[in-house]
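> My questions concern the predicted model and sequence given below.
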Amino acid sequence: MASASRNFLLNLASAVSFTLDGSFIPHGRMYPMLRSTTENGYTYVGFGGSAKWSPYISIALSYGRAFTTPYRVPAILRKTEPLEPRIGNLSYNYSHCVGLSYPGPATWEVDIRNPPVNLPEKIAAGIDALVRPFSNRYPTMLEARDALVAGDSWCVGGVHAWHQLVGFDFALDDIVHYRTWSQCLESLYKGQADALLAQYQSEAKRVA
């Protein structure tokens, strides 16, 4: 993403946080994101989309709920990172969420040189309608895990969420469940999932 677009989204995230009375606060300096603390983790909202035709950009939201655990696990870019299994969705998919009361839009089209003065309020309304109900739908790790397995319409789940499912089952110490659901994976993904679980089992560090 071009620096001008990223800076615009960073500033927009701060403005949306202010509109939401600080219930979601900016998180990170490079990627525009908001977080709201929950009793067992946090709810997050990422500001992304297409900047191919910058200064005209299409803003979309990625959002979800992450759960804190007492583990640190191996990471690609650093030695370890907190294990925080998560469940999420994209604003693009709102029309597939069965029972969700939200008329849209899925994205917000903006000229960053002259954005609508009420853009923060519009996106805040989207967060209220999309993200808060989403977070309330999955209050525990177990409910989030089961929704991913079932392919619940409100989340990006099913077999494509195998990486998160490994994290959930490891954190829940439910290896029997892992052995059952992983049988539905294609052989390539099954091998990767088995390897990830084995790595967690051998290298994860309990820190709390």
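Thanks, I have the structure now. Numbers count the residues shown, from 1 in each chain.

> With adjacent residues omitted, what lies nearest to residue 75?
Distances taken as CB to CB, 6 or more residues apart in numbering put residue 81 closest to residue 75, at 4.0 Å, once the chain neighbours are dropped. Where you see a C-beta, it was placed from the backbone N, CA and C, and this is true even at glycine.

> Check the spacing between the one you found and residue 71 real quick.
When distance is defined by CB to CB, to the nearest Å, residue 81 is 10 Å away from residue 71.

> who's more crowded, the two?
Per other CB atoms under 10 Å, whichever of residue 81 and residue 71 has more neighbours is residue 71, with 19 against 13.

> Specify the beta-bridge partners of the more buried one.
Assessed by DSSP bridges, residue 71 has beta-bridge partners residue 206.

> Isn't it up against residue 201?
No: the pair residue 71 / residue 201 is not scored as a contact, 10.8 Å apart, by CB atoms under 8 Å.

> Give me the common contacts of those two.
residue 170 (CB atoms under 8 Å, 6 or more residues apart in numbering).

> ok so, going back, any idea what the residue nearest to residue 75 is structurally, helix, strand or coil?
When classified by DSSP: H, G, I helix; E, B strand; the rest coil, residue 81 comes out as strand.

> Go ahead and confirm it touches residue 69.
No: using CB under 8 Å, residue 81 is not in contact with residue 69; the gap is 11.4 Å.
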